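A.B. asks: when you get a sec, could you give me coordinates for this:
(one chain, ligands or ions: 2)
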Amino acid sequence: MQKILVKAKALLLVVALLVTLAACGENNTTSSTGLTSQSVSVSESERKFYKPTSLTVTLYDAENLCYGFTWNTEYKPIESVVQICEGTKFSEESCTEYGAETSMQTVYMPNPTLIYVAKTQCELKPNTTYTYRAYDKGAEIGTDLATFTTIDHSAKSFTFVHVSDSQVTGLDSDITYSGDGTGVQFGKALEEIVKIKPAFLLHTGDIVEWSKYETYWKNMLDFNGLYLRELPFMAISGNHETTYRAGENEVFKHFNIKIPEQTTEKGFFYYFDVGDARFIMLNTNNLTDTGIDFAQKTWLEEALNTNKKWKIVAMHHPLYSVGKWGSDPEQNETSLLLRSQLSSLFAENGVDLVLQGHDHTYSKTYPINTNGVAVKNSTFRTENSVKYIVNPKGTIYAMHGAAGTQTRSPVNIDESIFEIAAASKPGSFAEIKVEKDRITVHIKYVEDGKAVNYTSYGIIKE
Ligand SMILES: [Fe+2]
Ligand SMILES: [Fe+2]
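C.D. replies: Ligands and ions are numbered 1, 2, ... in the order given. As a prediction, the model looks like this:
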């Protein structure tokens with residue numbers, strides 16, 4: 001049985017890859033299953049097995065306003081579509097339908113189980129509100145409706161939210177776990193994040209505690225589905241998505257993102273542009289003895305070669321952090337390795353901000369220059385209670401806490417490097433506004449169901 005599962009999985013991963021490489025919206029306005037809603041009758045007792053679950057939305061191809069969708073079903077879908085309407089009202093007749101490609105995948109519940117993963121993508125209009133659902137036209141069952149507003153590359157500003165290390169866990173009695181069993185704390189953060197209506201959520205990894213277990217993903221995606229269906233989710237893999245009771249390809253399995261050609265078993269890298277900003281999403285999970293491997297380094301150098309005003313890098317493992325992985329001399333080997341490989345490269349190429357994860361603390365460096373030196377004597381300007389650094393002479397490295405419950409404290413604070421260094425709070429996130437001349441960051445956490453501002457900082461480039 002296991003052999004059959006492995007063969008089926010290999011075949012269907014190829015199918016999934018072909019689907020992902022399809023151009024946005026191209027020939028996918030009808031279902032790919034070949035069956036029509038009239039050709040299969042579904043009994044009432046079976047209907048629930050066709051219900052789409054774990055629905056996510058992504059900026060599949062941000063430059064072309066192409067949004068991606070992914071969802072799961074227990075039974076093979078009959079006619080699986082995304083139905084999407086302009087505005088906040090929904091009627092099936094006035095929606096556009098996009099057929100989904102479906103692949104059978106093995107997941108762990110914790111025992112190996114076959115599920116169906118559906119993916120599709122569609123090109124949308126800028127700055128437009130849409131209401132949508134994933135739906136099986138044959139079984140006549142779908143998700144609840146969700147609403148989001150698309151990005152506008154020509155807008156004067158946009159806001160996104162950075163989260164990290166949510167590490168949602170599961171409830172399986174035969175798996176030991178720690179932390180927040182149902183994703184409640186992350187849900188509290190998401191409830192506040194949705195109110196901001198960010199263009200997207202950027203997650204720097206360790207999304208679930210043990211990525212191998214689909215139950216953990218379901219706890220996150222279904223328990224918090226109300227919020228996540230409305231938040232385009234741009235993720236990279238943390239070590240919990242790779243080496244720590246990991247499956248294969250788990251993050252990529254749950255999010256429909258256009259990525260350059262690469263293997264995805266231990267994470268993946270890609271970049272996307274919004275307005276005048278480039279977001280470079282690195283994979284730090286398959287390092288060599290010199291850091292990221294040759295293929296990713298070559299790709300990174302090309303990605304950095306852009307005229308975009310703002311360059312923001314996202315990575316799970318930190319270069320500069322006050323937590324144990326960044327500042328404990330016995331545990332910061334990876335941090336030092338990445339620092340020696342990438343710190344100067346980032347400064348030389350004008351990277352403004354590096355969003356990091358893994359250490360779960362709050363920290364922010366002074367600008368690190370091309371020689372790897374923190375430039376403490378910079379020009380600062382305070383506006384609206386936010387302390388901005390003006391024309392920084394280097395790259396700033398930030399960590400914005402843990403979005404779940406696994407908060408941590410600094411182990412060592414080098415005040416010549418770090419301007420902010422503190423223990424994080426549960427349900428942390430950073431609200432980040434990008435404007436023509438500045439980036440403004442508000443580090444927040446959730447207390448008693450409300451978002452509280454921990455501190456703010458900003459970068460002005462004139
Ligand atoms: Fe983590
Ligand atoms: Fe981590």
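A.B. asks: can you give me the distance of the residue nearest the centre of the chain to ligand 1?
C.D. replies: Residue closest to the average C-alpha location in the chain (CA atoms, centre = their mean): Ala235, at 2.1 Å. Plainly put, Ala235 is 13 Å away from ligand 1 if you go by CB to the ion, to the nearest Å. (C-beta placed from N, C-alpha, C; glycine too.)
A.B. asks: could you find the closest non-adjacent residue to that residue?
C.D. replies: Nearest residue to Ala235, sequence neighbours excluded (CB to CB, 6 or more residues apart in numbering): His203, at 4.4 Å.
A.B. asks: still on that earlier bit, ok, the residue nearest to the centre of the chain - contacts?
C.D. replies: Ala235 makes contact with Leu202, His203, Gly205, Ile207, Val251, Phe255, Ile257, according to CB atoms under 8 Å, 6 or more residues apart in numbering.
A.B. asks: most surrounded residue in the residues you listed?
C.D. replies: Among the contacts of Ala235, Ile207 has the most neighbours (other CB atoms under 10 Å), with 32 neighbours.
A.B. asks: check contacts around that one.
C.D. replies: Neighbour list for Ile207: Ser166, Gln167, Val168, Met220, Ala235, Gly238, His240, Glu241, Val251 [criterion: CB under 8 Å, 6+ apart].
A.B. asks: and it, how far from ligand 2?
C.D. replies: On the measure of CB to the ion, Ile207 and ligand 2 end up 10 Å apart.
A.B. asks: buried subset of the contacts of Ile207?
C.D. replies: Ser166, Gln167, Val168, Met220, Ala235, Gly238, His240, Glu241, Val251 (16 or more other CB atoms under 10 Å).
A.B. asks: helices or strands next to the strand or helix carrying the last one in the packing?
C.D. replies: With the criterion set as DSSP states H and E, the secondary-structure element containing Val251 is helix 250-254. Using 3 or more CB pairs under 8 Å, 6 or more residues apart in numbering; DSSP states H and E as the contact definition, the elements that helix 250-254 packs against are helix 214-221.
A.B. asks: and the next element down the chain from the helix it packs on?
C.D. replies: Criterion used, DSSP H and E; the element after helix 214-221 is helix 225-228.
A.B. asks: what's that following helix in contact with?
C.D. replies: In contact with helix 225-228 (CB under 8 Å, 6+ apart) are residues 53-57, 143-144, 146, 187, 190-191, 193-194, 220-221.
A.B. asks: okay, who's weakest in those residues by pLDDT?
C.D. replies: When the contacts of helix 225-228 are sorted by pLDDT, the bottom entry is Met220 at 87.
A.B. asks: in space, what's closest to it - neighbours in sequence excluded?
C.D. replies: Val168 (4.0 Å).
A.B. asks: now Leu55
C.D. replies: Using CB to CB, 6+ apart and skipping the chain neighbours, the partner closest in space to Leu55 is Trp71 (4.3 Å).
A.B. asks: what sits against that neighbour?
C.D. replies: Pro52, Thr53, Ser54, Leu55, Thr56, Ala100, Val117, Ala118, Ala134, Thr143.
A.B. asks: on that earlier part again, export the buried ones among the contacts of Ile207 to CSV and tack on secondary structure?
C.D. replies: Output for those, formatted as CSV (DSSP: H, G, I helix; E, B strand; the rest coil):
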residue, secondary structure
Ser166, coil
Gln167, coil
Val168, strand
Met220, helix
Ala235, strand
Gly238, coil
His240, helix
Glu241, helix
Val251, helix
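A.B. asks: now those residues in JSON lines, with distance to His360?
C.D. replies: Shown next, in JSON lines, are the buried ones among the contacts of Ile207 (distance: CB to CB, whole Å):
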{"residue": "Ser166", "distance to His360": "10"}
{"residue": "Gln167", "distance to His360": "9"}
{"residue": "Val168", "distance to His360": "14"}
{"residue": "Met220", "distance to His360": "17"}
{"residue": "Ala235", "distance to His360": "17"}
{"residue": "Gly238", "distance to His360": "11"}
{"residue": "His240", "distance to His360": "12"}
{"residue": "Glu241", "distance to His360": "16"}
{"residue": "Val251", "distance to His360": "19"}
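A.B. asks: restricting to the residues you listed, which residues neighbour ligand 2?
C.D. replies: Among the buried ones among the contacts of Ile207, the ones lying near ligand 2 by CB under 5 Å from the ion are Gly238.
A.B. asks: would you mind checking the contacts of helix 225-228 for buried ones?
C.D. replies: Neighbour counting with 16+ other CB under 10 Å marks 53-57, 143, 146, 187, 190-191, 193-194, 220-221 as buried within these.
A.B. asks: measure the residue in the stretch 201-350 of the chain that ligand 1 sits nearest to to Gly357 for me?
C.D. replies: Here the stretch 201-350 of the chain gets closest to ligand 1 at one residue, Asp206, 3.5 Å apart by CB to the ion. Between Asp206 and Gly357 the distance is 6 Å, computed by CB to CB, to the nearest Å.
A.B. asks: just the contacts of Ala235: which are in strands?
C.D. replies: Of these, the ones assigned to strands by DSSP state E are Leu202, His203.
A.B. asks: now, which of the contacts of Ala235 sits nearest ligand 2?
C.D. replies: Closest to ligand 2 out of the contacts of Ala235 is Gly205 (6.2 Å), distances taken as CB to the ion.
A.B. asks: which pLDDT value belongs to the closest one?
C.D. replies: Reported pLDDT for Gly205: 95.
A.B. asks: ok, it touching Asn283?
C.D. replies: No: at 9.3 Å, Gly205 and Asn283 do not qualify as touching, with contact defined as CB atoms under 8 Å.
A.B. asks: now for those two: what residues contact both?
C.D. replies: Ile236, Ser237, Gly267.
A.B. asks: measure the nearest residue to Ser416 once chain neighbours are set aside to Lys364 for me?
C.D. replies: Among residues not flanking Ser416 along the chain, Ala374 sits closest, at 5.8 Å (CB to CB, 6+ apart). To Lys364, Ala374 is 11 Å away according to CB to CB.
A.B. asks: what number of residues lie near Val452?
C.D. replies: When neighbours are counted by other CB under 10 Å, Val452 registers 13.
A.B. asks: find the nearest non-adjacent residue to it, please.
C.D. replies: Excluding the flanking residues, the one nearest Val452 by CB to CB, 6+ apart is Tyr445, at 5.8 Å.
A.B. asks: with Gly323 instead?
C.D. replies: Leaving out its chain neighbours, the residue that sits closest to Gly323 by CB to CB, 6+ apart is Asp359, at 2.9 Å.
A.B. asks: having no further points to raise, I will conclude here.
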